[in-house]
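[1] would you be able to build a 3D model of this:
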Amino acid sequence: MLRLKTYEHLLSINTGFELIRNALGAMGRQSLFDRKEVARLEAWSEETRSSINSYLTGVIESAETDAAGRLYRRRLERERKDEAATP
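    Down below sits the predicted model:
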């Protein structure tokens, strides 16, 4: 089974990307920076966030599905034993 830390790390990654998005948005409003370039960076960071989430959640889904299958098989075996022990 996946540990809580796995989900906490995923949250941290997404929180970090939210900070990046907010900071780039603020910088894009400053005359010092080229707005088109900052917009390009925002789009790039959003693409990166999406790619990271896609990969990580796919792996998490697979691991959770495997765990669910194992737990289901254990429960069925336990129920079969209980039924066999019942007169």
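[2] all strands for this structure, in order.
    Remark: no strands are assigned in the chain by DSSP state E.
[3] which helix of it spans the most residues?
    Ranked by residue count and defined by DSSP state H, the top helix of the chain is helix 35-85.
[4] packing partners for that helix?
    Applying 3 or more Cβ pairs under 8 Å, 6 or more residues apart in numbering; DSSP states H and E, one finds that helix 35-85 makes contact with helix 4-28. In this view, the C-beta of every residue, glycine as well, is placed from N, C-alpha and C.
[5] what does the helix it packs on contact?
    Under the contact criterion Cβ atoms under 8 Å, 6 or more residues apart in numbering, helix 4-28 has outside partners 33, 35, 38-39, 41-42, 45-46, 48-49, 52-53, 56-57, 60.
[6] kindly recompute the last result at 7 Å.
    Counting by Cβ atoms under 7 Å, 6 or more residues apart in numbering, the neighbours of helix 4-28 from elsewhere in the structure are 33, 35, 38-39, 41-42, 45, 49, 52, 56, 60.
[7] ok, back up a step: what's the angle from the longest helix of the chain to helix 4-28?
    If you take axes from the mean of the first three to the mean of the last three Cα atoms, to 10 degrees, helix 35-85 sits at 160 degrees to helix 4-28.
[8] so, low pLDDT: which residues of the chain?
    Confidence mapping of the chain against pLDDT under 70 gives the ranges 1.
[9] at 90 instead, please
    Counting by pLDDT under 90, the low-confidence segments of the chain come to 1-2, 83, 85-87.
[10] picking that back up, which ChimeraX command selects the buried ones in the contacts of helix 4-28?
    Buried members of the contacts of helix 4-28, defined by 16 or more other Cβ atoms under 10 Å, are picked up in ChimeraX with:
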select :38,42,45,49
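[11] would you turn the contacts of helix 4-28 into TSV with distance to N14?
    Conversion of the contacts of helix 4-28 to TSV gives the following (distance: Cβ to Cβ, whole Å):
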residue	distance to N14
F33	25
R35	25
V38	21
A39	21
L41	18
E42	15
S45	12
R49	7
I52	9
L56	10
I60	13
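[12] closest to E79 out of the contacts of helix 4-28?
    For the contacts of helix 4-28, the minimum distance to E79 (Cβ to Cβ) is 28.1 Å, reached by I60.
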